[in-house]
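Visitor: using only what follows, build the 3D model:
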Amino acid sequence: MPVSDLFLLIRFGIKGTTPIALAAVGEVLNERGGLFNIGLEGIMLLGAFLSVFMAELTGSWLIGTLSGIILGAFISLIFSIIATYGKGNQLITGIGINIFAGGFAAFYIWKIWQPGHHMLSSEKLMIPGISTPIGSISWIFFIAIGMGILIYFVLHKTRFGMRVRAAGNNPFVADVSGVDVYKIRVKACVIGGALAGLAGAYISLGWLGMVTDGMPAGRGFIALATVVFSGLNPLTALAGAGIFGFFDGLSDWLLSVSWAKPLMMHGGNYFIHALPYLIVLIVLAVFIGKRRFPKAIGKPYLREK
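Guide: Modelled structure (predicted):
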């Protein structure tokens, strides 16, 4: 295999890894605190939509990216308030986010841009990359790696991280010890949502250069599978994102190299595109019963009066 094709495979793998890593390490922090947000897919979709809209409106990829981050944090703020102060069902609330996001994005993408999708009007609206020996790599990838390391450090070396873990493992004891369980959970959830929003912004502004309904293409759910694989360890989540991202990028790579085109004939392309999701199913089947999660995850905390 030519070296150029190998470098191309690495770049595609990095592109596939980045959004999964961002969403996964953010959800690790969220679940450590006791909340479970299945709405990552919806947050990523809305982040992708708003980032393109704001980038086109202002002519700035930075404002577009920040808009996606802020929207992700805002949606997660609403989710966390419903889940903590409102004692709402976290699974149903997360599903509601996904349903709302799908309908909202589909309607407004069509209403604003008519065809139901939109390519960026200028390459200047794309998130710039960093030149490396293997080609240009988005700096968002390095942020994803850095956030995984930072969240690991925060969880294990800081007072805030200790309180997050306490809120997830035994919220009653944490409350008695003076920890405001509700506020800790809200903060962790908002941080996780901001990273999911950044993941969506990256997909549209840093990878594909476009927005369309259904854009995350299941990557939010792949991020949730990565969290299961990781056992709520941010560093393991990065490794898992790398595995899933590789198979995600593999399908695009095989479509790009001439010698692999025979493999894509007679339905082979469908199998290749389905491969990342097949890997997810295998990982869930193997790991979901072998990982330990916080005892209070997904359960509303009823504060003693």
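
Visitor: going by C-alpha atoms from here, please, whenever you check contacts or count neighbours.
Guide: OK.

Visitor: can you list the residue ranges for helices in the stretch 201-305 of the chain?
Guide: Taking DSSP state H, counting those that start in this stretch, the helices of the stretch 201-305 of the chain run over residues 219-230, 234-256, 268-287.

Visitor: centre of the chain versus the shortest one, how much separation?
Guide: To tie it back to what came earlier, the one meant is helix 219-230. Chain-centre distance of helix 219-230: 9 Å, with CA atoms, centre = their mean, to the nearest Å.

Visitor: quick one, it and helix 268-287 angle?
Guide: With axes from the mean of the first three to the mean of the last three CA atoms, to 10 degrees defining the directions, helix 219-230 sits at 40 degrees from helix 268-287.

Visitor: buried ones in helix 219-230?
Guide: Using 16 or more other CA atoms under 10 Å as the test for burial, helix 219-230 gives R219, G220, F221, I222, A223, L224, A225, T226, V227, V228, F229, S230.

Visitor: was I right to think the first one contacts G39?
Guide: Which is R219. No - the pair R219 / G39 is not scored as a contact, 11.4 Å apart, by CA atoms under 8 Å.

Visitor: output the below-cut-off pLDDT ranges for the stretch 151-300 of the chain.
Guide: Across the stretch 151-300 of the chain, residues meeting the criterion (pLDDT under 70) sit at 257-269, 288-290.

Visitor: am I right that I130 is in a strand?
Guide: Yes - counting by DSSP: H, G, I helix; E, B strand; the rest coil, I130 is located in a strand.

Visitor: tell me which residues touch it, please.
Guide: Shown in contact with I130 (CA atoms under 8 Å, 6 or more residues apart in numbering): S136, I137, S138, W139.

Visitor: just the ones of those residues in helices?
Guide: Members of the contacts of I130 lying in helices (criterion: DSSP state H): W139.

Visitor: let's have the contacts of I130 in CSV, adding neighbour count and pLDDT.
Guide: Shown next, in CSV, are these (neighbours: other CA atoms under 10 Å; pLDDT from 0 to 100):
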residue, neighbour count, pLDDT
S136, 12, 86
I137, 20, 91
S138, 20, 91
W139, 15, 92
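
Visitor: export the contacts of I130 to CSV and append columns for distance to A201.
Guide: CSV is the format used below for those (distance: CA to CA, whole Å):
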residue, distance to A201
S136, 18
I137, 16
S138, 12
W139, 13
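
Visitor: what about P171, how many residues nearby?
Guide: Other residues near P171 come to 26 when the count uses other CA atoms under 10 Å.

Visitor: give me the nearest residue to it, chain neighbours excluded.
Guide: Of all residues not flanking P171 in the chain, V181 sits nearest, at 6.3 Å (CA to CA, 6 or more residues apart in numbering).

Visitor: check which helix or strand covers the residue lying closest to A188 once chain neighbours are set aside.
Guide: Distances taken as CA to CA, 6+ apart put N30 closest to A188, at 5.0 Å, once the chain neighbours are dropped. Here N30 sits within helix 3-32, counting by DSSP states H and E.

Visitor: quick one: that helix to chain centroid distance?
Guide: Mean C-alpha position of helix 3-32 versus that of the full chain (CA atoms, centre = their mean) differs by 10 Å.

Visitor: next: stretch 172-192.
Guide: With CA atoms, centre = their mean, you get 22 Å for stretch 172-192.

Visitor: return the residues in contact with Y277.
Guide: Remark: with contacts taken as CA under 8 Å, 6+ apart, Y277 is in contact with I222.

Visitor: where's it relative to D248, distance?
Guide: 9 Å (CA to CA, to the nearest Å).

Visitor: before we move on, what about F160?
Guide: F160 sits at a distance of 34 Å from D248 (criterion: CA to CA).

Visitor: out of the two, which sits in the busier spot?
Guide: Each of F160 and D248 has its neighbours counted (other CA under 10 Å); D248 has more, 24 against 16.

Visitor: I figured that one hits I279, correct?
Guide: No - D248 is not in contact with I279 according to CA under 8 Å; the separation is 10.0 Å.
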